[in-house]
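K.L.:
Structure here, sequence nowhere to be found:
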């Protein structure tokens, strides 16, 4: 029978001593002969203990082989998620969400403990320099780890250790074939679809502070009349446009059709390449738009996205392999959850 299916449920009279034993000895990750004998005696019912008056200061919520997870540790793990849930939900739904968060948190902690335990058995260690490198990378990503918080640093070290054992035990043997990549590309075409784009130029008459829309509209009409007479768009943009594009002859480059102001998108829908729209009002002011080029929606070529596909397939295979590996690890371990 897999060890994870065994559950030590000490009688009530023994439970305080059992919990105290786990708290005192389990954190070290080593029971020793005394600990093994104690557990064996508990399981076989050979130990007789008088009621213990002392109480355990922190409730055990899970046992993972020779280590324990306490209520306090679980609360530290899930405090942020619970805070977000309390902002979004109330009543019975909130209670259900908090319960789900507890189970998700305890599962993460159990898996992390199993990973750290196997890493210790294999002599895998993370150096202080590696932790410092990880802190630097986190800061470049906009995070702000606190080097003076010993618990945070210990958690980061555990995460790095877990990542190393996962890389060694799970990812190192994975390969991605061309056939798998081609199949992924064919099955996820929409992922590689480039939406239609237009290249446009504009002359913007801004609606600034203290400026009346009527005056802005009249100025735009005067510029539009000059365009109708055949004057050069780029020169008029440099002279009249009050946006940064004025210095570029009004060019805005390529813009995805869904990324434009609705008023501008509607104005260019009926334009042919080279045509200029009538002045269009928006919260920014008045726009005169020229359609310079249309580019239809298209799929990115396979060769162009090959490395992106390789990474995506590798991640999918890594997740499947990890789930199989962690399930096997759990089946070979003693795990008791007391939520």
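P.N.:
Done, it's in. Only a predicted model underlies this, so the values are computations on that prediction, with no experimental measurement involved.
K.L.:
Domain map for this structure?
P.N.:
3-108+332-337, 110-176+312-325, 196-296 (automatic domain parsing).
K.L.:
quick check, residue 205 in a strand?
P.N.:
Yes: under DSSP: H, G, I helix; E, B strand; the rest coil, residue 205 sits within a strand.
K.L.:
which residues of the protein fall in helices?
P.N.:
Per DSSP state H, the chain carries helices over the ranges 15-21, 32-44, 71-88, 91-121, 128-140, 150-166, 178-187, 213-228, 233-240, 262-269, 306-331.
K.L.:
For stretch 305-316, list every residue counted as buried.
P.N.:
305, 309-310, 312-314 (16 or more other Cβ atoms under 10 Å). (C-beta placed from N, C-alpha, C; glycine too.)
K.L.:
ok, back up a step: any idea which of the helices of the chain scores lowest on pLDDT?
P.N.:
For the helices of the chain, mean pLDDT drops lowest on helix 32-44, to a mean of 38.
K.L.:
Check the buried residues of stretch 305-316 against residue 259 and report the nearest one.
P.N.:
residue 305 (21.3 Å; Cβ to Cβ).
K.L.:
For the closest one, which non-adjacent residue is spatially closest?
P.N.:
residue 192 (5.5 Å; Cβ to Cβ, 6 or more residues apart in numbering).
K.L.:
still on that earlier bit, and the buried residues of stretch 305-316 as TSV, adding distance to residue 215?
P.N.:
Listed next are these as TSV, based on distance: Cβ to Cβ, whole Å:
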residue	distance to residue 215
305	50
309	55
310	58
312	54
313	59
314	60
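K.L.:
Just give me the closest of those residues to residue 64.
P.N.:
Of the buried residues of stretch 305-316, the one sitting nearest to residue 64 (Cβ to Cβ) turns out to be residue 314, at 29.2 Å.
K.L.:
backbone phi and psi for the most centrally placed residue in the chain, please?
P.N.:
In the chain, the centroid-proximal residue (Cα atoms, centre = their mean) is residue 141; its distance is 12.4 Å. Dihedral pair for residue 141: phi -90, psi 0, per degrees, to the nearest 10.
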